[in-house]
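Return a 3D structure for these sequence lines:
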Amino acid sequence: METISLQSVTDANLEAAATNPGGHSATTVYGGSGHRLRQTLLALTAGSALSEHTTAGEATLFVLDGTVRIDAGQRSWEAATGDLVAVPAGPHSLHALETSVLLLTVALPG
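Predicted structure coming up:
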């Protein structure tokens, strides 16, 4: 069994996000090619965003640190440190209201 230090991945992604013109960085910490379950750590600087997109399966966001807003059509949700949010199935976007670190979990269809 492999153990991953989310703190070290967080530190590296926060550093990368700070120098990325888009203000975000991500690392898949579990899954990927050949797996149905994928977990990705995302770091976003305050004011940065992920433009409208859809997710390929069921997904949740766990806010490890910070505050974000998810917009989907006419609805929006704010989530802060410790919150777990089910990601809307349709088009949505993500906005960092402050520097934030998230764990995105996606279960791809079988």
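
Check which strands are paired with the strand or helix carrying Leu103 and give the direction for each one.
Assigned by DSSP states H and E, Leu103 belongs to strand 100-107. Sheet pairing of strand 100-107 (DSSP bridges) gives strand 37-44 (antiparallel), strand 58-65 (antiparallel).

For whatever helix or strand Asn13 lives in, what does the pLDDT average out to?
When elements are defined using DSSP H and E, Asn13 is found to belong to helix 6-19. Helix 6-19 carries an average pLDDT of 97.

Pull out the CA atoms of that helix and give them to me as CSV.
Provided in CSV are the C-alpha atoms of helix 6-19 (Å, rounded to 0.1, in the frame of the first residue of the first chain):
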residue,chain,number,x,y,z
LEU,A,6,-1.3,15.4,0.8
GLN,A,7,0.5,18.2,2.6
SER,A,8,3.6,17.9,0.4
VAL,A,9,1.3,17.7,-2.7
THR,A,10,-0.6,20.8,-1.4
ASP,A,11,2.6,22.7,-0.9
ALA,A,12,3.9,22.0,-4.4
ASN,A,13,0.6,22.9,-6.0
LEU,A,14,0.2,26.1,-4.1
GLU,A,15,3.7,27.1,-5.2
ALA,A,16,2.9,26.1,-8.8
ALA,A,17,-0.4,28.0,-8.8
ALA,A,18,1.3,31.1,-7.5
THR,A,19,3.5,31.2,-10.6
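
Give the other helices and strands that it contacts.
Judged by 3 or more C-beta pairs under 8 Å, 6 or more residues apart in numbering; DSSP states H and E, helix 6-19 is in contact with strand 24-30, strand 37-44, strand 58-65, strand 100-107. (C-beta placed from N, C-alpha, C; glycine too.)

Before I go, just wanted to say thanks for your time.
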